[in-house]
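Asker: fold the following for me, if possible:
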Amino acid sequence: MLLRSSSTRLWNALSPVRRVLNLDRFFYKLDPNCPYHGGDIVAKTLKGHGISQVFTLTGGHISPILTGCEAAGVRVIDTRHEVSAAFAADAACRMSGKPGVCVVTAGPGLTNTVTAVKNAQMAETAVVLIGGAAPTLLKGRGALQDVDQMSVFRSLCKDTIRVTRVRDLQDKVTEALWIAASNVPGPVMLELPVDLLYPYQLVKEMSGVKGKPKGLTQRYISLAVDALFAGVKSKSVDPLVVLNATPKPNALKKLRKIVEAAKRPVMVIGSQAMLPGGSIHAELLARAVRNMKIPVFLGGMSRGLLGADDSLFFRQARKAALKEADLIILAGAVCDFRLDYGRTLSRKAAVVMINRSSNQLSLNHGIFWKAALKLEGSVISSLGSSADCPEWLNQLREREEKEETKMLSGTSTELEGGINPVLLFEILDTILTDRSILIGDGGDFVGTASRILRPRKPLSWLDPGAYGTLGVGGGFALGVKAVKPDSEIWVLWGDGSCTYSLAEIEPSVRHNLPFIAIIGNDGAWGQIERDQSAMLGSDTGCLLNKSTPYHAVAQQFGAVGLCIPEGAGREEIERTLKLAQTTHADGKSVVVNVTLGKSKFRSGSISL
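Answerer: Here you go, the predicted model:
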């Protein structure tokens, strides 16, 4: 939190007394003709922090913020569902390195974002959720959408902040942005009552006071409104310095010695290593990783960090490498279900854990794994020194090539009912460029893609993260395209997950934020159906209508619809994907509906 003087803390502690007695009017000057309103103040503060866009679904409680942003030159991008606005803010943060900002109206507008806010918390993304609220004077009196929003978000956010005076808006927005980005990034919820956002005279009229107040009640309301607006004055926007913990020097020296002594080192890099986001940080991180000369396995957002063909980059047989290694560096990776809670790590290896979070540093420690060294801080501030292990690298490379050959041999396998997804992604991988950014939103379809596709550069793969959320695709695409307008975006949708955000094609067209979506249509929640049927003998609840023309639905939202039907060969698949590519280059969104066959490529992949 911000540091406050003892006098300021005392003044804030007396706030209830000041409010009841309406004493603020004696300490702060009121300007009834102030040329700007609370929405303008919020917008100016965002602009002063380098925020280029906000994502929203409009509502009366927040309209002044949106018009203020428009006037201030902050782009307003509205979505068809509030959850997509929050997902878009998440993606914008990951790509830009600046907090993503989502502005939604009170009540259901806020509660519609809950899944995305929890996803941002678990993905450690700096998102500021600005929510409208009932008027300050009507709090607890049955006003429209007057619910306890703070309690809903308290467990989901680093902090929840309610503003009660117009003069506090700038400082509280600044504080929210600072908290979201500092140390372990995460979401912050900022609640702004509607009567702080509209102009003074309008708020007074809406409160029932027109002209000179009459009677005791009107006088009280008039004085209360005056207190809300008293003390408002123009001031410069001064962003606070973001805090980041760095490992202690002695720990860094110890790490260097461990690395230099290792003969079979392995580094597993997780999404957290990419924090705080942005291209400059990603490039510096890639350089630091290469300088260590250690075999690297990439997961989550770190996919693409070393490009597609770097000699240190491996993606096959990770489990075997972790069992044979004498040094394992977990750089932003966590010993949760993704590493089998630490059971995949060799008991004989020296394990080094690097993480911004003290909780994640010790997750399942002493149960399934034990650390030789823990470094609390960012990955980029921890890496140094280098290893000399050419024989080990050659050994892993030979195994990698064998596994790759074995995996890709599956492209020739014909599947009943449609296209082999391995073949589809093998072809897609041949046409990806340095401008291509992949967004995974699905289960089995995306899991297969992660095994085949090779992102070409850092920040060219986005997935929801540890929460395993479905529905990120449309929002992520809008957020990425807003920050990276020259990028070629491929959303990888399962036929189950696509319907969560298929409607976001409409704002992609309207705001000129085009993307390509490939829908893997196997007529089922495939990852669940395959294992549920095998283990429990029933596919109940798992089947979808495979004949659904998703490409035709997308056309009604303004996209170009293409399809790859059952029986399409390699040439037709490649031709259709390239057509999607050129159509996107012309500024249009494209949806490719691919009829898939029933695949066993990822059997046993269900996570419990």
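
Asker: which parts of stretch 55-65 are buried?
Answerer: 55, 56, 57, 59, 61, 62, 63, 64, 65 (16 or more other C-beta atoms under 10 Å). All C-beta spots, glycine's among them, are computed from the backbone N, C-alpha and C.

Asker: what does stretch 147-157 give?
Answerer: 149, 152, 153, 156, 157.

Asker: and it, how far from the chain's centre?
Answerer: Distance, stretch centre to chain centre, for stretch 147-157: 19 Å (C-alpha atoms, centre = their mean, to the nearest Å).

Asker: what does stretch 347-365 give?
Answerer: That offset, for stretch 347-365, works out to 24 Å (C-alpha atoms, centre = their mean).

Asker: again, but for stretch 58-75
Answerer: With C-alpha atoms, centre = their mean, you get 23 Å for stretch 58-75.

Asker: show me the contact partners of it.
Answerer: 36-44, 46-47, 51-54, 56, 76, 78, 103-106, 109, 130-133, 145, 192, 194, 197-198, 482 (C-beta atoms under 8 Å, 6 or more residues apart in numbering).

Asker: now do the end-to-end distance for it.
Answerer: Distance across stretch 58-75, first residue to last, is 14 Å (C-alpha to C-alpha, to the nearest Å).

Asker: and what of stretch 496-515?
Answerer: Using C-alpha to C-alpha, the two ends of stretch 496-515 sit 19 Å apart.

Asker: same question, stretch 517-532
Answerer: 28 Å.

Asker: point me to the helix or strand that includes the residue nearest the centre of the chain.
Answerer: Residue closest to the average C-alpha location in the chain (C-alpha atoms, centre = their mean): residue 90, at 3.2 Å. Residue 90 belongs to helix 82-96 when assigned by DSSP states H and E.

Asker: need the CA coordinates for that helix. PDB is fine.
Answerer: C-alpha atoms of helix 82-96 as PDB (Å, rounded to 0.1, in the frame of the first residue of the first chain):
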ATOM      1  CA  GLU A  82     -18.000  -8.200 -19.900                       C
ATOM      2  CA  VAL A  83     -15.900 -11.300 -19.400                       C
ATOM      3  CA  SER A  84     -14.300 -10.700 -22.800                       C
ATOM      4  CA  ALA A  85     -13.500  -7.100 -21.900                       C
ATOM      5  CA  ALA A  86     -11.600  -8.400 -18.800                       C
ATOM      6  CA  PHE A  87      -9.900 -11.100 -20.900                       C
ATOM      7  CA  ALA A  88      -8.900  -8.400 -23.400                       C
ATOM      8  CA  ALA A  89      -7.300  -6.300 -20.600                       C
ATOM      9  CA  ASP A  90      -5.400  -9.400 -19.500                       C
ATOM     10  CA  ALA A  91      -4.000 -10.000 -23.000                       C
ATOM     11  CA  ALA A  92      -3.200  -6.300 -23.500                       C
ATOM     12  CA  CYS A  93      -1.100  -6.400 -20.300                       C
ATOM     13  CA  ARG A  94       0.800  -9.500 -21.300                       C
ATOM     14  CA  MET A  95       1.700  -8.000 -24.700                       C
ATOM     15  CA  SER A  96       2.500  -4.400 -23.600                       C
END
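
Asker: isn't the residue nearest to the centre of the chain right next to residue 121, touching?
Answerer: No: counting by C-beta atoms under 8 Å, residue 121 is not a contact partner of residue 90; they are 10.2 Å apart.

Asker: reformat the buried residues of stretch 55-65 as a markdown table; add secondary structure, distance to residue 311 and pLDDT.
Answerer: Putting the buried residues of stretch 55-65 into a markdown table (DSSP: H, G, I helix; E, B strand; the rest coil; distance: C-beta to C-beta, whole Å; pLDDT from 0 to 100) gives the following:
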| residue | secondary structure | distance to residue 311 | pLDDT |
| --- | --- | --- | --- |
| 55 | strand | 40 | 98 |
| 56 | strand | 45 | 98 |
| 57 | strand | 47 | 97 |
| 59 | coil | 53 | 95 |
| 61 | coil | 55 | 94 |
| 62 | coil | 51 | 97 |
| 63 | helix | 55 | 97 |
| 64 | helix | 55 | 97 |
| 65 | helix | 50 | 98 |
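
Asker: from those, which two are the most distant?
Answerer: Maximum pairwise distance among the buried residues of stretch 55-65 (C-beta to C-beta): 17.1 Å, between 55 and 64.

Asker: show me what contacts the residue nearest to residue 528 when sequence neighbours are not counted?
Answerer: Closest residue in space to residue 528, ignoring its immediate chain neighbours: residue 542 at 5.5 Å, by C-beta to C-beta, 6 or more residues apart in numbering. Counting by C-beta under 8 Å, 6+ apart, residue 542 makes contact with 524, 525, 528, 529, 532, 533.

Asker: low-confidence ranges, the chain, go.
Answerer: 1-27, 412, 601-608 (pLDDT under 70).

Asker: CA atoms only for stretch 240-248, dumped as CSV, please.
Answerer: In CSV, the C-alpha atoms belonging to stretch 240-248 read as follows (Å, rounded to 0.1, in the frame of the first residue of the first chain):
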residue,chain,number,x,y,z
LEU,A,240,4.5,5.5,-8.8
VAL,A,241,7.6,3.4,-9.1
VAL,A,242,6.6,-0.2,-9.5
LEU,A,243,8.2,-2.5,-6.9
ASN,A,244,10.0,-5.7,-7.9
ALA,A,245,11.8,-8.0,-5.5
THR,A,246,15.3,-9.2,-6.5
PRO,A,247,17.2,-12.2,-5.1
LYS,A,248,19.9,-11.5,-2.5
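
Asker: could I get the buried residue list for it?
Answerer: 242, 244, 245, 247.

Asker: got the contact list for it?
Answerer: Residues outside stretch 240-248 that contact it (C-beta under 8 Å, 6+ apart) are 2, 174-175, 177-178, 181-183, 255, 276, 354, 356, 375-378, 381-382.

Asker: what subset of the residues you listed is buried?
Answerer: The neighbour count (16+ other C-beta under 10 Å) marks 174-175, 177-178, 181-183, 255, 276, 354, 356, 375-378, 381-382 as buried among the contacts of stretch 240-248.

Asker: so which of the residues you listed belong to strands?
Answerer: 354, 375, 376 (DSSP state E).

Asker: for the second one, which residues are in contact?
Answerer: With contacts defined as C-beta under 8 Å, 6+ apart, the neighbours of residue 375 are 247, 251, 252, 255, 352, 353, 354, 355, 382.

Asker: which single one of those is nearest to residue 403?
Answerer: Among the contacts of residue 375, and counting by C-beta to C-beta, the member closest to residue 403 is residue 352, at 25.9 Å.
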